[in-house]
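A.B. asks: No letters, just coordinates:
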């Protein structure tokens, strides 16, 4: 049995690896992938908190912590005063009595514990996604999800964006993976996590009402990354003046953290923070329009030819290879422009292109894809060893890309000496915990064996134990590359 390249690309390039769920791809690989375009995009089943709920919980925790500090300070002050009075003989204290701890400190420990445990942890986000990836009948959706979360990167290592990085992906990316690029871009750029990550929540127009009083400066981080990484691309034809102008357009977009406000925990537009006056971007003048300025600018950015070229070039390289042909890239760019940025149409164009099916799988899976592919093989999320610790060891800490550019997308970006060693270590540990979940030898001899070459199947059969056979499969070239 020789390797079935079309099947391998159907479940690898357009999915997360082979599993019993993917057997339908054997008979009609392209049809199997195309059919997923018409499936509903599912959300994780776990009850994970929204961004608004996360921010509200954070502020409540801060309030409770402040009350506790103040109560402890009051108690310490009362003790000092009591000691002084007792020394003077001016005050007698009843036996067993203690200074009051009320009036500021939490009087209900259950309330404190509930609040402390109410924030969704990133480890929960990861395991929830791995479970979805292992069981989904539409693995194409999860491949797209990984791609677009890397395009609109949020790093969890920075302030409040750490708290909301997971909910950002669920709210701003997942609903739009087969929708319009414009809608995804707007949801992502104006999401609380992005506003915090790229410092726009604290950006103030120098000539705004607040700016004239505080003499605060403009922060250009979000404006720059919208042009360089989200839309036009670094070679998209914009200038520094365009960056400054777009940053001015974005002033006023912030997050309301006032617990007494009706919009507590939500993204809001504050006119008093917004830089007044018209702005010129890419040669077009936009009249002063407050909250309506950014939507108007974004609509033009999305329709700019540079955006079609940059966004689809990055997609072609992420799915096929960093050496994807100019023909493929132009084909996807045309689909983007002709459909007004309809990502379902762009994905369909990628699926229909012969290069996506004839090009050999050369891209080394990222660590998170490695975990997901293992989950599909096992039929369940690989929760041992710890997924979060495993990703950290393999060089891809969850929700913590090193920069707004996201994780590297070159074909061999993950082929470092330390990275390969950590993969080997993880595969061996994972096999020890999970070998009893799948009959590896039977699997490679069954219909799904077409995913592997004859040589790989021979090596796997020679494994001295189920654990070794599973580890050999996980470390095989076919399993490692897509």
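C.D. replies: Okay, I see it. Every value quoted in this text rests on a predicted model; they were computed, and no experiment measured them.
A.B. asks: low-scoring pLDDT stretches of the chain, where are they?
C.D. replies: 1, 77-118 (pLDDT under 70).
A.B. asks: can you rerun that using 90?
C.D. replies: 1-3, 18-21, 23, 44-47, 62-121, 155-160, 162, 214-217, 437-451 (pLDDT under 90).
A.B. asks: Okay, strands next: where are they in it?
C.D. replies: Here the chain has its strands, by DSSP state E, at 253-255, 267-269, 279-281, 284-286.
A.B. asks: As CSV, the ones you listed with distance to residue 54 and mean neighbour count would be great.
C.D. replies: All C-beta atoms are positioned from the backbone trio N, CA, C, and that covers glycine. Formatted as CSV, the strands of the chain follow (distance: least, Cβ to Cβ, whole Å; neighbours: other Cβ atoms under 10 Å):
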stretch, distance to residue 54, mean neighbour count
strand 253-255, 11, 22
strand 267-269, 13, 16
strand 279-281, 33, 19
strand 284-286, 33, 12
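A.B. asks: Minimum distance to residue 43: which of these has it?
C.D. replies: The closest of the strands of the chain to residue 43 is strand 267-269. By Cβ to Cβ, the value is 20.4 Å.
A.B. asks: ok, the closest residue to residue 436 other than its chain neighbours - contacts?
C.D. replies: Spatial nearest neighbour of residue 436, excluding adjacent residues (Cβ to Cβ, 6 or more residues apart in numbering): residue 466 at 7.1 Å. Residue 466 makes contacts with 431, 435-436, 440, as judged by Cβ atoms under 8 Å, 6 or more residues apart in numbering.
A.B. asks: Tell me the spacing between residue 466 and residue 18.
C.D. replies: 18 Å (Cβ to Cβ, to the nearest Å).
A.B. asks: Over to residue 301?
C.D. replies: Taking Cβ to Cβ, one finds residue 301 at 39 Å from residue 18.
A.B. asks: Neighbour count: those two, which is higher?
C.D. replies: residue 18 (27 against 23; other Cβ atoms under 10 Å).
A.B. asks: wouldn't that one be in contact with residue 4 here?
C.D. replies: No - if you go by Cβ atoms under 8 Å, residue 18 and residue 4 don't touch, sitting 10.2 Å apart.
A.B. asks: shared neighbours of those two, anything?
C.D. replies: residue 451.
A.B. asks: where exactly do the helices run in the stretch 51-200 of the chain?
C.D. replies: 51-88, 109-116, 122-135, 139-151, 159-168, 181-189, 192-197 (DSSP state H, counting those that start in this stretch).
A.B. asks: Out of these, which is closest to residue 454?
C.D. replies: Per Cβ to Cβ, nearest to residue 454 of the helices of the stretch 51-200 of the chain: helix 139-151, 25.7 Å.
A.B. asks: hmm, back to that, of the contacts of residue 466, which is the nearest to residue 27?
C.D. replies: Among those, and counting by Cβ to Cβ, the member closest to residue 27 is residue 440, at 23.7 Å.
A.B. asks: Could you check how far the closest one is from residue 378?
C.D. replies: In terms of Cβ to Cβ, residue 440 sits 10 Å off from residue 378.
A.B. asks: Then residue 12?
C.D. replies: For residue 12 relative to residue 378 (Cβ to Cβ), the value is 16 Å.
A.B. asks: and these two? which has more neighbours close in?
C.D. replies: Between residue 12 and residue 378, residue 12 has the larger neighbour count (other Cβ under 10 Å), namely 25 against 20.
A.B. asks: For the nearest residue to that one once chain neighbours are set aside, the count of nearby residues, please.
C.D. replies: In space, and not counting its chain neighbours, residue 12 is closest to residue 482: 3.9 Å by Cβ to Cβ, 6+ apart. The tally of other residues near residue 482 (other Cβ under 10 Å) stands at 24.
A.B. asks: which residues touch residue 290?
C.D. replies: So, once contact is read as Cβ under 8 Å, 6+ apart, residue 290 ends up touching 252, 269, 271, 274.
A.B. asks: How much space separates it from residue 381?
C.D. replies: 46 Å.
A.B. asks: what do you get for residue 127?
C.D. replies: Counting by Cβ to Cβ - residue 127 and residue 381 are separated by 6 Å.
A.B. asks: likewise residue 426?
C.D. replies: Taken as Cβ to Cβ, the span from residue 426 to residue 381 is 14 Å.
A.B. asks: the more surrounded of these two?
C.D. replies: residue 426 (25 against 22).
A.B. asks: give me the number of residues near the residue nearest to that one when sequence neighbours are not counted?
C.D. replies: Using Cβ to Cβ, 6+ apart and skipping residues adjacent in sequence, the residue nearest residue 426 is residue 390, 5.2 Å away. Neighbourhood size, residue 390 [other Cβ under 10 Å]: 24.
A.B. asks: Same question for residue 47.
C.D. replies: Residue 47: 8 neighbours (other Cβ under 10 Å).
A.B. asks: What residues does the closest residue to residue 312 other than its chain neighbours make contact with?
C.D. replies: Distances taken as Cβ to Cβ, 6+ apart place residue 332 nearest to residue 312, at 3.6 Å, with adjacent residues excluded. By Cβ under 8 Å, 6+ apart, the contact set of residue 332 is 312-313, 315-316, 346, 349-350, 353.
A.B. asks: how about a cut-off of 6 Å?
C.D. replies: Applying Cβ atoms under 6 Å, 6 or more residues apart in numbering to residue 332 gives the contacts 312, 316, 346, 349.
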